[in-house]
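> build me a model:
(chains A, B and C, ligands or ions: 4)
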Amino acid sequence: MKLALKIWRQDGPADAGQMVRYDIDGVSEDSSFLEMLDLLNEQLITSGEDPVAFDSDCREGICGMCGVVINGEAHGPERTTTCQLHMRSFNDGDEIVIEPWRADPFPVIKDLCVDRTSFDRIIQAGGFISANTGSAPDAHATPVPKEDADRAFMAAECIGCGACVAACPNASGMLFMGSKVTHLGELPQGQPERGARVVAMTEQHDLEGFGGCTNLGECTRACPKGIPLNVISQLNADYRRAGYGGSSAD
Amino acid sequence: MTDTVTSTPELIDGVYREGAPIADSKAPGGDIAGKWTTRKFEAALVNPANRRKLSVIIVGTGLAGASAGATLGEAGYQVKSFCYQDSPRRAHSIAAQGGINAAKNYKGDGDSVHRLFYDTVKGGDYRSRETNVYRLAEVSADIIDQCVAQGVPFAREYGGLLDNRSFGGVQVSRTFYARGQTGQQLLIGAYQALERQIAAGTVEMYARHEMLELVVVDGKARGIIARDMVTGEIETHLADAVVLASGGYGNVFFLSTNAMGCNVTASWRAHRKGAYFGNPCYTQIHPTCIPQAGDHQSKLTLMSESLRNDGRIWVPKNAEDCDKDPREIGEDDRDYYLERIYPGFGNLVPRDIASRQAKNMCDEGRGVGPAVDGVRRGVYLDFADAIGRMGEDAVRSKYGNLFDMYERITGENPYQVPMRIYPAVHYTMGGLWVDYDLQSSIPGLFVTGEANFSDHGANRLGASALMQGLADGYFVLPNTIRDYLAKGPFTKISDDDPAVVEAQQTVTSRLEKLLSIDGTRTVDSYHKALGKVMWEKCGMERTEEGLREAIEEIRALKADFWSNVRVLGAADGLNQSLEKAGRVADFLELGELMCIDALHRRESCGGHFRAESQTEDGEALRHDDEYAYVAAWEWGGDDEAPVLHKEDLVYDFIELKQRSYK
Amino acid sequence: MATSTAPARAARKGPPSILLKTVVAVTGLFFVFFVLFHMYGNLQILVGPEAFDEYAHHLRTFGEPMLPEKSFLWVFRILLLASVVGHVWASMSLWRRAGQARTTRYAGKKKTSYGGFYAKAMRWGGLALLAFVVFHILHFTTQTITIDGAHASPAERVISSFAVWWVVGIYALAMVFLGMHLLHGVWGAAMTLGLNTSLQRAEQIRFVSILLATIVVVGFLIPPFAILFGFIE
Ligand SMILES: Cc1cc2nc3c(=O)[nH]c(=O)nc-3n(C[C@H](O)[C@H](O)[C@H](O)COP(=O)(O)OP(=O)(O)OC[C@H]3O[C@@H](n4cnc5c(N)ncnc54)[C@H](O)[C@@H]3O)c2cc1C
Ligand code: HEM
Ligand code: SF4
Ligand code: FES
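Ligands and ions are numbered 1, 2, ... in the order given. Prediction:
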């Protein structure tokens, strides 16, 4: 395949950056999108140009490290991660615009790499169940109804890639946050901290500068794990029960 | 452990020397069931008020590292945690699919600590240390309790209790799982516990930091040199003890199921500073991966082994049929080779056997799928019978997500066309040598998880690596490291201590060197070339001749690398080529050691088939009389032969047997 | 990047964004209630101008003699005004936050969106509605804008206005905007209030928002068109 790539190049966090066009030929339909970028980089290095920086690690769609916006869509045209997107989803001769996640809480580090530590800080704020090592009762001490366990699992599938933020017109992180709140809130183990958790996480989310959700649903559409919008509704409900961050947080 | 050699012993096989054997792995005496309790009791305690004054560096945030970081943080030590990804949650443990073993006996099917211990030792082909494996089995149950308390959403039954499945050919159901994402769920649990400690201020997190050197002062591990991958800054971090939980080195093969960034650098740098490397040649090759489609490929993807429960594996009988549409090949022209050779186990033979036979079929010219470098490397995994028997819907509900993944990657619909599979490197049993306390041969340097060599011998059973990572991190290390820390805090070291300066200089001069060569070949091209040599000659089947060639080829490749590699850009910012170059440079050295280890071990064990050591009917033949030991290699110096220290494996509680699956 | 080197960010000022969207939702639902009530009143004109006038009169004397004249109306008006202020302020705050959360826009354009065009039109559509509400009040309530002279009877005012085709046009257009606003608004309010708890529930909420939007648009447009085409004189 022959393609015209327009890629965001930015030397460092402080640089302005611009779109640069590269023509590439000989791309296999069976290669993944990132392997196509690997090929481009091999060619760039050979010709003495700085290769394009982009993040990836597992390349299996599970670690959440990869992610670029392809023709305006986070992770590209299929519902999957960028690393699992394959070139057969494109046509010979296509022009492909490749950009980093755009959200101020995800500042660009270089080219297509962004800093997503804001997500980690949201988890730090309360995205956990406090259970010191060694303090746990027998695993069968608390049965969990299967439906609750299944919903918790569904929400826990989030890979923290940030595509939801990238796709959201408000650059809101609520699908990510909602998935954690739902995961832990569905389980009996998560109850004691439920109210405090949602309040602390929400506060951190706003503090990081993410926008507010207006229920548009672009996040769920871009989410490679298909996390449904109802986790955001759950987040809202839990937040309400916790007194909107007021002192009545239980 | 004995002191390192002083007089230079003779060169063996032209490639290595032998040093003093390792006399003691420091396990306490007594009955195997009481050893761990004894050790925990004997290990010195650290007063809570003193813990704050003691600092620990942990490299790695996978199951082994995150769990240790969280636990030590909770205990009140000062922890610094490092990972090369942008977040600790992305460590490669996240990719594990199948499940985690634990001797809970929730199914009441006769499981016990002893049975898990026995299965693991046997599965490791009698090349693991009894004491460590027993302890692993012993703490396995606590892992499940801990994870459930953290909110890990394991699969449950309708009654609300945990579900188990049998995995990897084991006769009891002891595997806990969270659909096909067990590793992810376990890691998220450990990650959250770690983040909680970060918030509490006991753990300081350094993400996008790569450890490039170990700092050893007065014979003790006292810190690391790390590069901030964003700013390029070379940082010195000092502490009272260092823990490496940096994962496996399967990427020495270039193509593996490991993540792109998995590397041996942390372990290798420690090895060069004196830590022994145990059994480097032991790698696990997983039979059900998606075959390579072409030269562009950057990694291989694993599909759960459970597929072998219902799929039938075959290749065409005649090489001429190999490029036909498989559906047009008649039943009589198909060779269901596993069912033919191993009628008792059929398609469910252990991983090593399934893998090697697939390779044999392809080497015979009966492989299928696209030819890469002139050879078709793939065999069919056919669900036509299963679909006929159970119906497409039943197959979909059982394997739907795997089929989807296959279709996404290959573009073929496995409900209609048989899948193609091929073995791929997936796990490395070898790693830094550690004693019962998980302490390496450098005092103060502890190694956990896949990075150590300890528990899996020559072959790892499914669902046991996750167990080991969490056992090490949550329960073993926190108990053993305190015995060491109780002797601290050690004397303060300043940043201009000669040992520190030397370590910093090694790092900066190496980076400068890599950037200044400005040759013509890309880093990836060296990595691919190395991977090819390793896969062909130090993979599933090894020969004396092949290994000798491999050693020469790797040496030549290494020399070429250091004179002709091209790394662009600078060291003072994000530079992914530079990162890769450093890793590949270490892989080149490791590759050579792996081949030397493989060469010296003239027996077939685990998945490692040594062509010179086979039974009359072509099965693997172990030599317990000669090789029932751990090969712990000491760094001999640049361009010097490594030194072998043998740790004899003594089986007091389990009887050694040859495996047979016919 | 290490947590320790995390970029320092100024603390977010103002209320939590979930609180802001709750204000939008609650005030929005109050509008829905109001609009349905208003629509019921408008439909009185089908019964006859007298019924309509009586209804308008009744609004003013509601609660008498317990409450003074027009008190109910004024309470309602104040509530509505407060709601408009709250609704507009909260939604505009969210709009501003969205702008600050993404200061660099995408160069690539995506082809389709999840919620449909109407979901994207909330902000501009909402402003258009605001403009319409102002016009509507100037027209019927204060009678600052007169189409066909002033009338003492509310029914006459309505009938004479809607006999003019472009007036009907303006109202029809406004109702289309309102319908679009409700299509997403009712869904959004249910989401915000935490009612979407499952995939099935999401379908039900979608259905209710379509139903409500349809009822409001059709219900409001019956009287003007009936007048325009001469069914009511
Ligand atoms: C596809 C796949 C499926 C698997 N499925 C199963 C299964 O079903 N059951 C099972 O039991 N096992 C399974 N395994 C094996 C198991 O997942 C791993 O062995 C285990 O998770 C390793 O954990 P770890 O903590 O030791 O290392 P990892 O999770 O690999 O973590 C390594 C950490 O070290 C860091 N690191 C590495 N080098 C450096 C450096 N130089 N500087 C700084 N940081 C560094 C990394 O950032 C990372 O945080 C699977 C493995 C693979 C590849
Ligand atoms: C006065 C003029 C109006 C303006 C300027 C306006 C503006 C908006 C905006 C911008 C939003 C979306 C919030 C966002 O995207 O940030 C919104 C939501 C909403 N509006 Fe309005 N609107 C107006 C009138 C109305 C009317 C008349 C109704 C009801 C009949 C209504 C009902 C709703 C509802 C229910 C929501 C959903 C709240 C949510 O998403 O949680 N609005 N409005
Ligand atoms: S919710 Fe989906 S899109 Fe958002 S971070 Fe999680 S996996 Fe990625
Ligand atoms: S690289 Fe791990 S999800 Fe894409």
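> roughly how far does the nearest residue to residue C:60 once chain neighbours are set aside sit from chain A?
Of all residues not flanking residue C:60 in the chain, residue C:70 sits nearest, at 5.0 Å (CB to CB, 6 or more residues apart in numbering or on different chains). C-beta: built from backbone N, CA, C; applies to glycine. Applying CB to the nearest CB, to the nearest Å, the value for residue C:70 to chain A is 35 Å.
> same check on residue B:433?
For residue B:433, the distance to chain A - CB to the nearest CB - is 26 Å.
> okay, the residue nearest to residue C:60: pLDDT?
Here, the pLDDT recorded for residue C:70 equals 81.
> got it, and residue B:3?
On the pLDDT scale, residue B:3 is placed at 51.
> one more: residue A:202?
pLDDT at residue A:202 comes out at 96.
> tell me if the helix or strand that it is a member of is near chain B.
Residue A:202 is part of helix A:194-207, with elements assigned from DSSP states H and E. No - Helix A:194-207 does not reach chain B (CB under 8 Å from any CB of the partner chain); its nearest approach is 9.2 Å.
> elements contacting that helix?
Applying 3 or more CB pairs under 8 Å, 6 or more residues apart in numbering or on different chains; DSSP states H and E, we find helix A:194-207 packed against helix A:117-126, helix A:174-185, helix A:230-241, helix C:17-47.
> and the next element down the chain from the last one?
Beyond helix C:17-47 in the direction of the C-terminus, DSSP H and E gives the next helix or strand as helix C:49-61.
> just for chain C, where's the confidence low?
Applying pLDDT under 70 to chain C flags the ranges C:1-12.
> ranges for the helices of it?
Ranges of helices within chain C are C:17-47, C:49-61, C:71-101, C:117-120, C:122-136, C:154-162, C:165-192, C:199-228, based on DSSP state H.
> just the pLDDT at whatever residue of the stretch 151-300 of chain B ends up closest to chain A, thanks.
Nearest residue of the stretch 151-300 of chain B to chain A, counting by CB to the nearest CB: residue B:160, 3.0 Å away. pLDDT recorded at residue B:160 is 95.
> distance of it from residue A:187?
11 Å (CB to CB, to the nearest Å).
> neighbour-wise, which of the two wins?
residue A:187 (24 against 16; other CB atoms under 10 Å in any protein chain shown).
> got a list of what the more buried one touches?
By CB atoms under 8 Å, 6 or more residues apart in numbering or on different chains, the residues touching residue A:187 are A:129, A:144, A:148-149, A:152, B:151, B:153.
> ok, now with 10 Å
Taking CB atoms under 10 Å, 6 or more residues apart in numbering or on different chains as the criterion, residue A:187 is in contact with A:129, A:142, A:144, A:148-149, A:151-153, A:156, A:194, B:148, B:150-153.
> can you pull the pLDDT of residue 184?
No chain was given, so I picked chain A. pLDDT, read off for residue A:184, is 98.
> if you could check chain B rather than the one you did, that'd help
pLDDT, read off for residue B:184, is 97.
> and it, how far from ligand 1?
With the distance defined as CB to the nearest ligand atom, to the nearest Å, residue B:184 ends up 10 Å from ligand 1.
> burial of residue A:16, as a residue count?
Neighbours of residue A:16 (other CB under 10 Å): 7.
> backbone dihedrals for the residue in the stretch 451-600 of chain B that ligand 2 sits nearest to, please?
Nearest to ligand 2 in the stretch 451-600 of chain B, going by CB to the nearest ligand atom, is residue B:574, at a distance of 36.1 Å. Residue B:574 adopts backbone torsions of phi -60, psi 120, taken as degrees, to the nearest 10.
> quick one: residues contacting the nearest residue to it once chain neighbours are set aside.
Among residues not flanking residue B:574 along the chain, residue A:110 sits closest, at 4.3 Å (CB to CB, 6+ apart). Applying CB under 10 Å, 6+ apart to residue A:110 gives the contacts A:9-13, A:15, A:17, A:50, A:52-55, A:100, B:230, B:573-576.
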